[in-house]
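In: Structure for the following, please:
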Amino acid sequence: MVFRDEDVERAVRRYAVGAFPMDDELAPELPWYVAPQRAILPLEDQARDRLRRKVRRDVRRCEDHVLAVDRDYDQVLRLCAQPPTGDGIWITERLAALYRRLHAAGVAHSFELWTPAGELAAGILGVVLGRAALLESMRRTRPGAGNALLVRTLDHLVASGIELCDIQLPTPHTERLGCVLIEHADYEARLVAALRG
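Out: Presented below is the predicted three-dimensional model:
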């Protein structure tokens, strides 16, 4: 892919070699990291069925909610910028600006769950390159909506031909949901294969 925006081109190249951004406001430029191990969400049918069973009450609670992609990217970005405690910022203005440019270039996307009343219940930010989905952040505004959104997003990604779903680093919550930690060399090989697709 060739982009007119040099910052987008540089970011895509970094994602393509397994790096991801995590801002430090004291750094003069946006820092990129390569972790020795990487957390992924398995996309096989059995793994998604296990996830669906684990969060079945949340899935049922949100059955009437609508899954959308990029309906309101900026609202999801603002939601994901705030950490769960409400204290501080996870996505700085510098990082948000990059995500907006990646979205304008068709690389970054938001996966959203909307209530029947038209309110955003949960959102996921991610970068999609080839057959790789690199999920950056997820937040919810309603109990259980994040789990329901994750189930439906993974189903959507598989239906779209995605082969690798990366969530960068594990958390206790994603570990309970079935994320798998793999060595960087394994991740890199899977990423290369997914980018060829």
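In: And the pLDDT for the closest residue to residue 5 other than its chain neighbours?
Out: By the measure of CB to CB, 6 or more residues apart in numbering, the closest residue to residue 5 outside its immediate chain neighbours is residue 101, 5.6 Å from it. Backbone N, C-alpha and C define where each C-beta goes, glycine included. Looking at residue 101, its pLDDT is 95.
In: In terms of position in space, what residue lies nearest the middle of this protein?
Out: Within the chain, the residue whose C-alpha comes closest to the C-alpha centroid is residue 135; the distance, by CA atoms, centre = their mean, is 1.7 Å.
In: and it, that one's in a strand?
Out: Yes: assigned with DSSP: H, G, I helix; E, B strand; the rest coil, residue 135 falls within a strand.
In: circling back: how about the residue nearest to residue 5, what does it touch?
Out: Shown here is residue 101, whose contacts under the criterion CB atoms under 8 Å, 6 or more residues apart in numbering are 5, 7, 8.
In: For the chain, which segments are assigned as helices?
Out: Per DSSP state H, the chain has helices spanning 6-16, 45-54, 56-61, 73-81, 93-104, 145-159, 172-176, 184-196. These are given in chain order.
In: Listing request: residues of the protein with sub-threshold pLDDT.
Out: Confidence mapping of the chain against pLDDT under 70 gives the ranges 1-4, 84-89, 197.
In: Repeat the analysis, applying 90 as the threshold.
Out: In the prediction, the chain carries residues with pLDDT under 90 at positions 1-7, 22-30, 81-92, 197.
In: Of the contacts of residue 101, select the buried ones using a ChimeraX command.
Out: Typed into ChimeraX, the line below selects the buried ones among the contacts of residue 101, using 16 or more other CB atoms under 10 Å:
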select :8
